[in-house]
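# Need a 3D model of the sequence below.
(4 chains, ligands or ions: 3)
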Amino acid sequence: MDREILNELTVALQKGDAIKTQKFVKIALKKGYEPEQILTEGLVSSMNTIAEKFKKKQIFVPDLLLATRAMNAGIFILKPKLKKQLFSPIGKVLIGTIEGDLHDIGKNLVKVFLERAGFEVIDLGNDVPVNYFIEAIKKFKPQILGLSASLTTTMYGMRDVIKALEKEGLRENLLIVVGGVPITESFATGIGADIYDMDGTKVADKAKEKLKCSNF
Amino acid sequence: MDREILNELTVALQKGDAIKTQKFVKIALKKGYEPEQILTEGLVSSMNTIAEKFKKKQIFVPDLLLATRAMNAGIFILKPKLKKQLFSPIGKVLIGTIEGDLHDIGKNLVKVFLERAGFEVIDLGNDVPVNYFIEAIKKFKPQILGLSASLTTTMYGMRDVIKALEKEGLRENLLIVVGGVPITESFATGIGADIYDMDGTKVADKAKEKLKCSNF
Amino acid sequence: MAKVTFNELAINNLNDFVYGHAPKKIKFDNGMVIGGGTVYPEVNFTLPPMQVNKNTISKAYKQYKEMTEGVCQRAMELQVPGLVIEIELVPDMTFNPEWGIETTKIVKEVMNEYQDKNGLKSLLRITPVDVREGNDLEHMWRGKHWDLVMDTFKGCAENGADLLSIESVGGKNLHDDGVMFCDVAKTVFSLGIVAARDMEKLWENIVKIAEETNIIPAGDTACAFANTSMVLAVRGMIPTVFSAIDRVMCAVRTMIANEQGAIGPDKDCGYEGPYIKAITGTPISMEGKSAAVAHNSFCGNIAAAVADLWSNEAVENKRLLGGMTPEICTEMLVYDCRLMNQFTASGNNLLMRDMLVESDSRLDAHAYIMKPSVVLNIAKEIIKGKTHLERTKIAAKAAVQEIRKGFENGSLELNERELNYLNMIDSQLESIPDNEEEFIADMIENNTTEKFDPKKYDIA
Amino acid sequence: MAKVTFNELAINNLNDFVYGHAPKKIKFDNGMVIGGGTVYPEVNFTLPPMQVNKNTISKAYKQYKEMTEGVCQRAMELQVPGLVIEIELVPDMTFNPEWGIETTKIVKEVMNEYQDKNGLKSLLRITPVDVREGNDLEHMWRGKHWDLVMDTFKGCAENGADLLSIESVGGKNLHDDGVMFCDVAKTVFSLGIVAARDMEKLWENIVKIAEETNIIPAGDTACAFANTSMVLAVRGMIPTVFSAIDRVMCAVRTMIANEQGAIGPDKDCGYEGPYIKAITGTPISMEGKSAAVAHNSFCGNIAAAVADLWSNEAVENKRLLGGMTPEICTEMLVYDCRLMNQFTASGNNLLMRDMLVESDSRLDAHAYIMKPSVVLNIAKEIIKGKTHLERTKIAAKAAVQEIRKGFENGSLELNERELNYLNMIDSQLESIPDNEEEFIADMIENNTTEKFDPKKYDIA
Ligand SMILES: [Zn+2]
Ligand SMILES: [Zn+2]
Ligand SMILES: [Zn+2]
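Numbering: from 1, shown residues only, chains lettered A, B, ... in the order given. Ligands and ions are numbered 1, 2, ... in the order given. Modelled structure (predicted):
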C-alpha cells in the first residue's frame, strides 16, 4: 500500500485544515488502512510534530490550535470504526479561575496543552466561587485541580479553595496546580499547592510526571 | 541677673562649638547661675531646638553631632556641681549589627538619636555573633535591643538572635527594634521583633512610646 | 449616538506630531498644562499580593497612603514640574464602591498636602475596574454590574479624582478567541461592532458624570484587546504582525471615548494613543520601557515619541534595596521626562522623537505601526470610514499595507513566519463581506456562546 | 609602588568625551568592544533575602542559574549587540571561596549556552566582596581575610570571569567618621593616605591574578566612600556639596587601580568614573536612573553622559507583574542603550550627551561635578599633584572652586545652607598643613581607635 495518502493527511493536519483532514481520513479508510494505523501514523504522529515545533517556538499558538481542531475533526470520523477505545484520557483535570478574577487567556492556554497531553479537562471558566470548585470536585472526581489567578488581590483565593478542600476531606488524592502572572513558587508552596507553573507547555509535562509518582 | 550669658551659651552650642560652650558654662557658674538652670535653660533647651530643626530637615547630621558634642562638653563641666543626678537615662539600649554585616553608618545614626532621647546606649559594633548578643544582654540587662542588618543575606541573622533569646528565657522583658535597608515591616513582624524602623529620628520616639505602655 | 465624528486629522504635519505637545492641550487650576509642551510622569501603583475584604480594607488604605506619600516625597525631592498619579482600583474596590471612594479620598488628601506644603503640583486619575463580566452579568448597560461601575465613577469623581478613565471590556471575550486563532473576521466584529457599541454607551455616561462633577473625562485603552495580543506576541505565542494590526484596529474603538466627549489624556496602556492624538488632537498618556515592571514589550522607546504623560503602567508595592517600588518607578519616570523636556527646551525635540522612533521601529511590527509617519498615513485612511465597522476594516487593511511597504523598503525586519501571517491576514480581510448586515448576521450566528451573548449588548 | 602615573589627560577635548567611546577601548574574542562606540547594558542582580550557608547554598545556585537564564533570554529577545553581567558575590561567597567559584561557573555556563545557541554575546564581571573588615581582621594585606579575597579572585578568574572588580574598603571606617561630621581633614587623610596605600597593594595583586589567567583587571569603585556621602546627601542628612567634593577626591583613590594596571571598565557604582576616563582613557561602567532599584540619586541622567557600560547597580531577585526583577532591569537598560546608540549612529551623540548633562547638572552639586566640562577642568588640576595626598587635596580644592564658579554664573542652584558648608569646607581645606609628615602624624595621633588601627596598614 502506498503511504501517499497518509502523507497528505499529515500535511493537511499540520496546516490546520480540518476539512481536508476529514477528507483524507475518509480516503485512507476506503483504501483499506486500519483505523488504528490512520490514527497513530496519520493524526497522532503529525500532532506530536506540531507540538514539538511549538515548544521550539517555530510555530504560533493559532497553528497549534488549528492543528488540534483538525486532528479532532479527523478523530470524529475514525471514532466509530476504532476496535477499542484507544483514547482513554490519562487523567481528569478540573480547572478554573478564582472568584473575582476575569482573565482567562492564560488558563485557556494551559487547558489546550493539558488536552494535547491526553488529559480530559473540565473547565469551570473564570470568576469561580469556592463552593463551585468543591461541588465540581465531588461530581467529577478529577485527579488534578488547576487554579488560575491573574490579580494580586485574587491569588489568596487559591488558599481559600485549598483550605475548603482540606476541610471537606477532598485534598488528599488531588494534585493541585496553581498558576497566573503574580504567582511565585514560594507562594504556591506556602498555600499548599503541588505544582506551580505559568508556562502552558510545561504544566502538562509536570502533571504527567507527578501523576506517575503519585499513588492515584 | 541678665540672661545675656545663657543666650551666648545657646549660640555656641547650636554652632557646635564645644570650647566656647564650656567657656560660657564656666562664666555662667561664676555669675551665680544655678547649675540646674544652666543645664535646662542653656544646654537642654538649645539641644531640643537643634533636634527639632533636624527633624524638619533644616540642618544636617554634622550640625546635630557637633551640637551634641558641645552639649556633652558643657555637661562635663556641670556634672560635679549638680545637686542630684538629673540625667538618669530613661532606658538602656543594647545595639549591634548582625554577624557577617559590616556596615554601620545606619546603626550609628540610630544610636545618636537614642542617646539624644535620653537612652543609655551600649554599642556592640558590627559583625556581632549571636552569643555576644546573649552574653551582653545578661551582663547589661537592657530594656531595649536594637539589631541592624544591611544585607539581604544577613537579615535572617536577626531571627537567630531572637530565637536564641527565647531559648535563654531572655526575650520576654526585652523590646526588640530591628532596622536596615532590606528590612520590611512584615519581615520584622515575622521574626518576632517589636519595632521596625529605618529612620533614626523615629526609632527614638517609637521606643519611648512603647516603653511607656510596656510593663518594664 | 456619537456626539462628534472626527473626519479630519487634528495633526497633519509630521513636525507638529511630537511628545509634550497636543493641539487640544488641557489646562488645570494648579497650573499644570497637559499637552502644553511639558511631559509629566504618570505614576501608577497597586497593592502587593493581598486579599481585599472587610477585614483587610484598612490595611489596604494604609498602603495607599504610604505609597502616595512615598511617590510625592520622591517627586518633590526630584523637583518635578508636575505629577500625575493613577490609581487603578482593584476589583473589590469597584464591587464595593465605598472602598474605591475612600481610597480616592485618602490618596487625594496626601496629594493636596504636598501641593499646599511643598508646592508639588499633581493630578489624580481614577480608573475603576470594568467589572461587567462574570457568570452573573445580566446586561452590559443595566443591572448590578453597570450600577457598580457608575456608582464608583460618580463617587470617585465627587471625592478627589481629576481624571476619569477605564479599561473597558465590552467585546473582550470574542476578541480573546479572535486573538488565539488569529481570526481576523472575529476580531473585526468584536471591535467594530460589539466593542464599539459598548464604548458609545459607556462613555456617554462617564462623560455625563465628569461634566456634572466638573472634572475631566480622560479616555479609555484597548488594554483588554490589543495588549493581550501584544503580550502574546512578545512571548512568541502569536505573530507580531497580528498584534500590530489588532492595535491599529483598536484605535477606532478607543477613539469612541473621544467621540463621546472624552478630552484626554487617554490611559497609559493604550498603545493606540498616537492614533488618538493624530485624529482627535487630545493629549495622550503612554508607557514603555518603564512599564517593564508590568509587562515586557518591543516598543519601549518608540512609545514615548508622541507621549504627553509618561507612565510605568502599574507596579505592585514591594520593597527593593532602593526603597518601595512606587518610589523607584517615580524616580525612573522623572529622569525620562527630564530628558525629553530638556530636548524640548533646547529646540531639539523632533530629533529626540526620531531617535526614540528609529531605535525601535525596525525590529518589530507593533513598534513599526507606532512610527509617527506611519500613524499619520494610516490615520488619514481611517477617518474616511463612515461607520465604526468600516473604519475598523480600513484600519486593518491600511496597517497590512504599511507593514508590507515597510518590509519592502527595508525599514522593518520580518521573518518568513511573520510574512506568511501577514498574507493570511490580508486574505482573511478580503473575505469579509462588504455587506454589513450580512457580516453581522453571520458573526452572531457563529459566535453566540455562553461567553458571548449578543443580547447583553442589545445586538440581534 | 605605582606602575604608571597619569600626568596627562587622555581626553583633552570636550568633543572626544562622550558615552560609548574611550581612548583605550577593550576588544574581546567574541567581538564585543567596550569603549568602541557602542554602549552595552551591564546587568547586576543578587539574591533576595535569604541565608547563605551549607544548607541553602544549592538554592542560591539555582537562583543564580534562573536569574542568568532570565536575563539572557530577555536580552536575546531584545536583540542586544552585547551584554555584560556582573555578579557581586555575597559575603558568604567570599568567606567560602568555593561557593563564589561555583556561582561563577554556573552563571558562565548559561552565558556560554546563549552565546553558542543564540549568538548572544556576553561578558561576565565577577566582584568578590572585600571582607577585610570585622573584629577578627588581623591585617589588610596578610592573614585570613586577605587570603580569602585573593583565593576568591583567583578561583573566579580561572573559572569563567572575564572582568575582575571589587568595591574595596581600605580606609572606610575613617571615611565614615569624616562624612558624618563633614570633617574634611579626616576625609582627605582616609582617602589620600590610608585608602591610597591599600589600593596600591590590593590592585597590584588583582592585576597579577588577571595577568596570570589572561582576563581583564577591570577596576574599583568608591562605593564604600563617596556613595555613602551621596546617599546621605540625597536623604538630606549631609550637604550635597560635601558629597560632590568627596566624589572628586575619590577619583584620585579609585584611579590607583588603573595606575596598578587595571584597564577598565571600572565598576558601575563608581560615579567618579568620568574622572577615571578623562585621565586614564579607559572605558567606564556607570549607573543612573535605572539604579533607582538600589538607591536614589540626583544624577540619574548625567551619569550616562560618558558611560561605556550602563548598569542597574544591583537588584534583588523578586517577582513583579512584569516578571522577575533581573529581567525587568535588563529590558530597561536595553532600551536606554538602544537610544544612546541610535544617537551615535546618526551622528548626534554629542547633543544627546549634552541633554543628559543639562537635564540634571543645574539641580545638584554632585550632578554638577559630573558635567564633562567640569570634569576636564578639575582633572587637569588633579594630574598636577605629585603624590596621592597632594592630588586628593587638589581635587577637593578644585571641586570647591568649580562648584562656586557654577553657582556664581548661574549654572548650579545652591541654597544658603549648602553655600555655608561650601565655605566651611574651603576653610577646612586651607587649614590642612602643607607638610605631609606633620599632617599624617597629627591624623594618626587623633584617629587611632579600635575601628582604625594604622598598624593594619603598616602606617606609623
Ligand atoms: Zn492596562
Ligand atoms: Zn495602567
Ligand atoms: Zn557599589
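
# Was I right to think residue C:429 contacts residue C:393?
Yes - at 6.9 Å, residue C:429 counts as touching residue C:393 under the criterion of CB atoms under 8 Å. To be clear about C-beta, it is placed using only N, CA and C from the backbone, and glycine gets the same treatment.

# Pull up the overlap in contacts between those two.
residue C:188 (CB atoms under 8 Å, 6 or more residues apart in numbering or on different chains).

# Tell me which of the two has more neighbours.
Higher neighbour count among residue C:429 and residue C:393: residue C:393, with 25 against 17, using other CB atoms under 10 Å in any protein chain shown.

# what's near enough to touch that one?
Taking CB under 8 Å, 6+ apart, one finds C:188, C:192, C:385, C:429, C:432 in contact with residue C:393.

# Residue C:306 in helix, strand or coil?
Counting by DSSP: H, G, I helix; E, B strand; the rest coil, the backbone at residue C:306 sits in coil.

# just residue C:18 next, same as before
Quick answer, by three-state DSSP: residue C:18 is coil.

# and it, how many neighbours?
23.

# Double-check it against residue C:351; I have them as touching.
No - assessed by CB under 8 Å, residue C:18 is found out of contact with residue C:351, at 10.1 Å.

# check contacts around residue C:341.
Per CB under 8 Å, 6+ apart, neighbours of residue C:341: C:20, C:38-39, C:81, D:359.

# Recalculate using a threshold of 10 Å.
Contacts here follow CB atoms under 10 Å, 6 or more residues apart in numbering or on different chains; on that basis residue C:341 touches C:19-20, C:37-40, C:81, C:349, C:352, D:355, D:359.

# Which strand or helix spans it?
Residue C:341 belongs to helix C:325-345 when assigned by DSSP states H and E.

# Mind splitting chain A into its structural domains?
A:4-81, A:91-213 (automatic domain parsing).

# Now residue C:181. Its backbone dihedrals?
The phi/psi pair for residue C:181 (degrees, to the nearest 10) reads phi -100, psi 0.

# Of the contacts of residue C:393 - the most surrounded one?
Ranked by neighbours (other CB under 10 Å), these are led by residue C:192, which has 28 neighbours.

# Just to check, it is in contact with residue C:251?
No - assessed by CB atoms under 10 Å, residue C:192 is found out of contact with residue C:251, at 11.7 Å.

# shared neighbours, the two?
By CB under 10 Å, 6+ apart, the residues touching both residue C:192 and residue C:251 are C:391-392, C:395.

# in which helix or strand would I find the closest residue to residue C:308 other than its chain neighbours?
Counting by CB to CB, 6 or more residues apart in numbering or on different chains, residue C:283 is the residue found nearest to residue C:308 once chain neighbours are left out, at 3.7 Å. Residue C:283 belongs to no helix or strand when assigned by DSSP H and E.

# what about the residue of the stretch 251-400 of chain C found nearest chain B, neighbour count?
Of all residues in the stretch 251-400 of chain C, the one sitting closest to chain B is residue C:319 (4.9 Å; CB to the nearest CB). Around residue C:319 there are 20 other residues, counting by other CB under 10 Å.

# In a helix, residue A:96, correct?
No - counting by three-state DSSP, residue A:96 falls outside a helix, being strand.

# show me what contacts it?
Residue A:96 sits next to A:104, A:107, A:122-129, A:132-133, A:136, A:145-148, A:161 when contact means CB under 10 Å, 6+ apart.

# bridging residues for it?
residue A:147 (DSSP bridges).

# that older thread, where helices are concerned, which of the contacts of residue C:341 count?
C:349, C:352, D:355, D:359 (DSSP state H).

# Apart from its neighbours in sequence, what residue is nearest the residue of the stretch 51-200 of chain C found nearest chain D?
Going by CB to the nearest CB, chain D is nearest to residue C:79 of the stretch 51-200 of chain C, at 6.0 Å. Nearest residue to residue C:79 in three dimensions, chain neighbours excluded: residue D:363, at 6.0 Å (CB to CB, 6+ apart).

# who touches both of residue C:18 and residue C:351?
residue C:343.

# Grab the most central residue of chain C for me.
The residue lying closest to the centre of chain C (CA atoms, centre = their mean) is residue C:270, at 2.3 Å.

# what number of residues lie near residue 119?
Unless you meant another one, I'm taking chain A. Close neighbours of residue A:119, defined as other CB under 10 Å, add up to 25.

# my bad, chain C
With other CB under 10 Å as criterion, residue C:119 counts 10.

# can I assume it is in contact with residue C:76?
Yes - Residue C:119 sits in contact with residue C:76 when judged by CB under 10 Å, with a separation of 8.1 Å.

# show me where pLDDT drops low in the chain?
Using chain A here. Within chain A, the ranges that satisfy pLDDT under 70 run A:1-2, A:84-87, A:102-104, A:198-201, A:212-216.

# wait, I meant chain C there
Low-confidence segments of chain C, defined by pLDDT under 70, are located at C:1-2.

# Up against chain B, what does it have?
Selection of chain C residues close to chain B by CB under 10 Å from any CB of the partner chain yields C:48, C:66, C:318-324.

# max-length helix in chain A?
Assigned via DSSP H, chain A shows its longest helix as helix A:61-78.

# Check whether it comes near chain D.
No - against chain D, helix A:61-78 shows no contacts by CB under 10 Å from any CB, the least distance being 17.0 Å.

# List the buried residues of that helix.
Of the residues in helix A:61-78, A:61-71, A:73-75, A:77-78 count as buried by neighbour count, 16 or more other CB atoms under 10 Å in any protein chain shown.

# Can I get that helix in CSV? Just the C-alpha atoms.
Output of helix A:61-78 as CSV, limited to C-alpha atoms (Å, rounded to 0.1, in the frame of the first residue of the first chain):
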residue,chain,number,x,y,z
VAL,A,61,-0.5,29.3,19.1
PRO,A,62,-3.1,29.5,16.3
ASP,A,63,-1.1,26.9,14.3
LEU,A,64,-1.3,24.6,17.3
LEU,A,65,-5.0,25.3,17.9
LEU,A,66,-6.0,24.8,14.3
ALA,A,67,-4.0,21.6,14.0
THR,A,68,-5.7,20.4,17.2
ARG,A,69,-9.0,21.2,15.7
ALA,A,70,-8.1,19.4,12.5
MET,A,71,-7.0,16.4,14.5
ASN,A,72,-10.2,16.3,16.4
ALA,A,73,-12.2,16.5,13.1
GLY,A,74,-10.2,13.5,11.9
ILE,A,75,-10.9,11.6,15.1
PHE,A,76,-14.6,12.3,14.7
ILE,A,77,-14.6,10.2,11.5
LEU,A,78,-12.4,7.5,12.9
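
# Can you confirm whether it lies near chain C?
Yes - contact of helix A:61-78 with chain C (CB under 10 Å from any CB) involves A:61-66, A:69.

# Can stretch C:125-132 be said to contact chain A?
Yes - contact of stretch C:125-132 with chain A (CB under 10 Å from any CB) involves C:129-132.

# That stretch spans what distance, first to last residue?
Length of stretch C:125-132, first residue to last, CA to CA, to the nearest Å: 21 Å.

# Please tell me how far the host helix or strand of residue A:106 is from the chain's geometric centre.
Assigned by DSSP H and E, residue A:106 belongs to helix A:105-116. Distance, stretch centre to chain centre, for helix A:105-116: 5 Å (CA atoms, centre = their mean, to the nearest Å).

# Quick check: next helix or strand after that helix?
Following helix A:105-116 in sequence, per DSSP H and E, is strand A:119-123.
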